[in-house]
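Show me how the following folds:
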Amino acid sequence: MKVLIACEFSGIVREAFAKRGHDATSCDLLPTEIPGKHYQGNVLDIINDGWDMMIAHPPCTRLANSGVMWLERRGLWSDLLEGVRFFNIMLDADIPMIAVENPIQHKYAREYIRKYDQIIQPWQFGHGETKATCLWLKNLPLLKPTIIVNGRENRIRKMPPSENRWRERSRTYQGIADAMAEQWG
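The predicted structure follows:
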């Protein structure tokens with residue numbers, strides 16, 4: 001199966017699919033951290049290249065609850081609308097199977113984006129953290145938990161400010177990537 005992992009620089013989801021024999025390509029404006037099949041550039045350049053499945057991780061900065069204060073304090077409403085437009089392009093792409101992931105969205109984004117199909121947590125897939133992640137699905141079943149972990153911690157939210165905080169917060173947990181490849185691949 002030909003799988004596009006949109007807006008992924010880490011290579012984690014791409015490699016989970018590749019290990020299961022799929023022709024998986026990641027795409028991001030940044031270079032990939034794990035060597036493998038990666039298109040560095042705008043995903044809109046390759047979105048119509050005959051993919052069977054796409055798992056998209058569009059930027060959440062202006063869509064998520066965690067960033068709503070910047071909209072209100074700095075008046076970044078045009079950024080919100082651009083984020084919504086890009087998110088909906090991913091969701092409505094002409095690809096047979098699609099999963100779009102993002103954190104819980106704020107009320108302004110929800111006015112323009114349909115309701116998610118599922119909320120998952122890393123602790124449902126072998127990791128001891130909490131980080132609510134919404135999935136919008138097209139022709140894919142809900143993701144089933146694989147390894148329920150006790151002792152949950154909100155490590156992601158507690159990260160101190162740093163130059164790379166955004167990068168660390170945006171990574172897909174390996175257990176979630178493996179579940180996607182196993183259950184959807």
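
switch to C-alpha atoms for all contacts and neighbour counts from now on
OK.

now the strands for the protein?
Counting by DSSP state E, one finds strands in the chain at the ranges 2-6, 23-28, 38-40, 53-56, 97-103, 118-120, 133-138.

Neighbouring strands - and their directions - for the fourth one?
Same thing as strand 53-56. Each strand pairing with strand 53-56, determined using DSSP bridges, is listed with its direction: strand 2-6 (parallel), strand 97-103 (parallel).

What is the distance between the shortest one and the centre of its chain?
Looking back up the chat, that one is strand 2-6. Its chain's C-alpha centre lies 12 Å from the corresponding centre of strand 2-6 when counted by C-alpha atoms, centre = their mean, to the nearest Å.

Q174 versus the residue lying closest to F9 once chain neighbours are set aside, what's the distance?
Closest residue to F9 in three dimensions, ignoring its sequence neighbours and counting by C-alpha to C-alpha, 6 or more residues apart in numbering: T32, at 4.5 Å. Counting by C-alpha to C-alpha, to the nearest Å, the separation of T32 from Q174 is 16 Å.

okay but L80 is in contact with P59, surely?
No. Taking C-alpha atoms under 8 Å as the contact criterion, L80 and P59 are not neighbours in contact, 10.8 Å apart.

all helices for this structure, in order.
In order along the chain, the chain carries the following helices (DSSP state H): 12-18, 68-74, 77-91, 107-110, 165-169, 174-184.

then the first one to CSV, C-alphas only?
Spelled out, it's helix 12-18. Output of helix 12-18 as CSV, limited to C-alpha atoms (Å, rounded to 0.1, in the frame of the first residue of the first chain):
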residue,chain,number,x,y,z
ILE,A,12,8.3,7.5,13.4
VAL,A,13,4.9,6.8,11.7
ARG,A,14,6.5,6.4,8.3
GLU,A,15,8.9,3.7,9.6
ALA,A,16,6.1,1.9,11.5
PHE,A,17,4.4,1.4,8.1
ALA,A,18,7.6,0.7,6.2
